[in-house]
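1. Kindly return the folded structure for what I paste below:
(one chain, ligands or ions: 2)
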Amino acid sequence: MISRVKGTQDFLDMTLFNVLIKSTKEHLAFHNFIEIQTPLLEHLDLFQRSLGEHTEVVSKEMFIIEPRQESSERICLRPEITASIARAFVENGIQNIPWKVFTYGPCFRYERPQKGRYRQFHQISIEVIGASSVSQDVQFIAMLNALFATMCIDDFVLAINFLGCSDDRVNFIHVLKKFLDAQSGICRQCLERKEHNVMRIFDCKNVDCQTIYKDAPHIVDHLCECCMQEWQQLQRQLSLLSVTYVYQPTLVRGLDYYNKTVFEFMSNALGAQNTFCGGGRYNKLVKEIGAKEDQPSIGAALGIERLMLLLEPLKETFVVEDEIDPLYVIIPMTNAQHDMALCIAQDMQKYGLCVDVLFEGSVKSMFRKANKLGAAFALIIGEDEQRDDCVVVKDMSAGSEQKIKKEEIVDFLLQQESCSI
Ligand code: ATP
Ligand code: MG
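-> Ligands and ions are numbered 1, 2, ... in the order given. This is a model prediction of the structure:
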């Protein structure tokens, strides 16, 4: 047997996935975001330049496609979508800012598969390109907070931090390195991070490192005047909108392009991989990938698999909401009634009725199947019905039956539907 590729999964029931996408789309439309789509394939360069060569994603997790002989292009499967959206903004010469867009789809990272962590997973990426105000950050975070509330996810924590501007970051890296120089017992990986991506030390899972970093300096204590004011404003306005948050000084986010506001939504219900949405401000990214000017921007990525884990216990509520349409199952008793069944099904579908036809098995097994499918009515066509041009309509919950003329079936069923509303 050929099995699926490690770290990928088959979705055999898309109900939850679709409900999640539907409510996200509705929520975002309500907040004036438009849906776009970018390719799954991008130039490797895009992510090397935007995320940073020394980030875990670029250095270890990229799915790179071997170049063909005639081309030296280095192409990869996208590991995230923010950089793609920023590229689309630049490449399509978008002038209308702020550009408020979202998209969703698969992303690929060569990671060790485990619960909530796959090599092919799905993100919803939401971006506002060309907006610099802290108030925009606050509105964006509040919008996400409200989205999770509409999904009935309540067991989560919003963690925030402020990484300052580029100058603050350069200064702070100095301060942090000085602190690290004075420590002993730091793991090898962190010593490496210290050279290339020192802020990432805070993500280290090593217990000894974590103990040491409890005393590490906080970047918010090393902000310039202007950034300090913005950081204060961010906290004040989140409280103004009654958004509950915790300040987490070690929250740095993995990718190089973030500055100023960063945030993550986490839930204990998820276990080790507890972040289901992460984002922040990226003021330099757009220029980095080729635009003439910087575009102050903010965005977030939602992990669909992790959201689905959170929504799993609520699945039944969504299913009921999603399957209001009654199902009609047509049962032609022998092959001779197949033509009639096909025509009736087509007629009913034209009127928006949800229809299935059972073409195989004994009459008894077809009835069993209709029950299993949750049919509201079974439409039975036997030899007699075929001769008289009618069907027997059986109400599956009441058990009652009536013979209905073929041309009156749609009217009859529509009437039944309107009575049951
Ligand atoms: P983590 O710390 O879990 O590795 P990350 O910082 O690498 O996350 P981001 O790049 O911020 O993740 O991606 C945004 C969201 O996408 C994450 O919060 C998570 O919900 C989801 N995500 C990231 N990587 C994976 C993966 N391999 N499998 C499933 N979901 C993922
Ligand atoms: Mg990761």
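
2. how close does the nearest residue to Ile65 once chain neighbours are set aside sit to Asp384?
-> Distances taken as C-beta to C-beta, 6 or more residues apart in numbering put Ile75 closest to Ile65, at 4.7 Å, once the chain neighbours are dropped. Glycine gets a C-beta too; all of them are placed from N, C-alpha and C. Counting by C-beta to C-beta, to the nearest Å, the gap from Ile75 to Asp384 is 64 Å.

3. same deal with Leu314?
-> For Leu314, the distance to Asp384 (C-beta to C-beta) stands at 47 Å.

4. surely Leu373 meets Val355?
-> No - judged on C-beta atoms under 8 Å, Leu373 makes no contact with Val355 at a distance of 11.1 Å.

5. Quickly list what the closest residue to ligand 1 within the stretch 101-250 of the chain is bridged to.
-> Closest residue of the stretch 101-250 of the chain to ligand 1, C-beta to the nearest ligand atom: Phe121 (3.4 Å). Bridge pairing for Phe121 (DSSP bridges) gives the partners Cys107.

6. so it makes contact with Leu302?
-> No - using C-beta under 8 Å, Phe121 makes no contact with Leu302, being 11.0 Å away.

7. what is the residue of the stretch 301-421 of the chain found nearest ligand 1 paired to in the beta sheet?
-> Residue of the stretch 301-421 of the chain nearest ligand 1, by C-beta to the nearest ligand atom: Gly303 (2.1 Å). Beta-bridge partners recorded for Gly303 (DSSP bridges): Gln123.

8. Surely it touches Phe276?
-> Yes - here Gly303 reaches Phe276: they are 5.3 Å apart, a contact under C-beta under 8 Å.

9. In three-state terms, label Val393 for me.
-> Following DSSP: H, G, I helix; E, B strand; the rest coil, Val393 is assigned to strand.

10. surely it meets Ile404?
-> Yes - contact criterion C-beta under 8 Å: Val393 and Ile404 qualify, at 5.2 Å.

11. Need the residues touching each of those two.
-> Counting by C-beta atoms under 8 Å, 6 or more residues apart in numbering, the shared contacts of Val393 and Ile404 are Phe412.

12. Excluding sequence neighbours, find me the nearest residue to Ile153.
-> Nearest to Ile153 is Leu310, by C-beta to C-beta, 6+ apart, at 5.2 Å.

13. Count the neighbours of Gln386 for me.
-> Gln386: 19 surrounding residues under other C-beta atoms under 10 Å.

14. hang on, it is in a helix, isn't it?
-> Yes - counting by three-state DSSP, one finds Gln386 located in a helix.

15. quick one: the nearest residue to it once chain neighbours are set aside and Tyr247, what's the gap?
-> Nearest non-adjacent residue to Gln386, counting by C-beta to C-beta, 6+ apart: Gln337, 5.3 Å away. Distance, Gln337 to Tyr247, by C-beta to C-beta: 70 Å.

16. And these two? Which one has more around it.
-> Between Gln337 and Tyr247, counted using other C-beta under 10 Å, Gln337 has the larger neighbour count: 21 against 13.

17. Give the residue from Leu314 and Asp384 that has the larger number of neighbours.
-> Neighbours were tallied for Leu314 and for Asp384 using other C-beta under 10 Å; the higher tally belongs to Leu314 (14 against 11).

18. Look at that one and tell me its secondary structure.
-> Going by three-state DSSP: Leu314 is helix.

19. hmm, who's touching stretch 18-30?
-> Under C-beta under 8 Å, 6+ apart, the answer for stretch 18-30 is 35, 102, 104, 124, 126, 143, 146-147, 150-151, 302, 304, 307-308, 311, 318, 321-322.

20. Buried subset of those residues as a PyMOL selection?
-> Command for PyMOL that selects the buried part of these, burial taken from 16 or more other C-beta atoms under 10 Å:
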select buried, resi 102+104+124+126+143+147+151+302+304+307+308+311+318
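
21. Val101 falls within a strand, correct?
-> Yes - counting by three-state DSSP, Val101 falls inside a strand.

22. what's the neighbour count on Glu91?
-> 12.

23. can you tell me how far it sits from Glu127?
-> 15 Å.

24. And for Ala146?
-> Taking C-beta to C-beta, one finds Ala146 at 18 Å from Glu127.

25. With Arg112 instead?
-> 29 Å.

26. Wait, the residue nearest to Ile65 touches Leu40, no?
-> No - counting by C-beta under 8 Å, Ile75 stays clear of Leu40, with 10.3 Å between them.

27. Show me which of those two is the more surrounded one.
-> Ile75 (18 against 15).

28. Contact partners for that one?
-> 41-44, 64-65, 67.

29. Nearest to ligand 1 among the residues you listed?
-> Glu42 (15.3 Å).

30. And the strands in the stretch 301-421 of the chain?
-> 327-332, 354-357, 377-381, 390-395, 401-405 (DSSP state E, counting those that start in this stretch).

31. helices or strands next to the last one in the packing?
-> In terms of contacts (3 or more C-beta pairs under 8 Å, 6 or more residues apart in numbering; DSSP states H and E), strand 401-405 is packed against strand 390-395.

32. Domain parsing of the chain, as residue ranges.
-> Per automatic domain parsing, the structural domains of the chain span 15-165+230-317, 167-219, 327-420.

33. Would you mind finding the most buried of the ones you listed?
-> When you average the neighbours per residue for each of these (mean count of other C-beta atoms under 10 Å), domain 15-165+230-317 leads with a mean of 18.

34. Surely Ile85 is within a helix?
-> Yes - under three-state DSSP, Ile85 sits within a helix.

35. I figured Ser297 was touching Ser133, is that so?
-> No - counting by C-beta under 8 Å, Ser297 does not reach Ser133; the two are 11.7 Å apart.

36. give the contact list for the residue nearest to Phe102 when sequence neighbours are not counted.
-> Distances taken as C-beta to C-beta, 6+ apart place Ile126 nearest to Phe102, at 4.4 Å, with adjacent residues excluded. By C-beta under 8 Å, 6+ apart, the residues touching Ile126 are 28, 33, 101-102, 140, 144, 279, 299-302.
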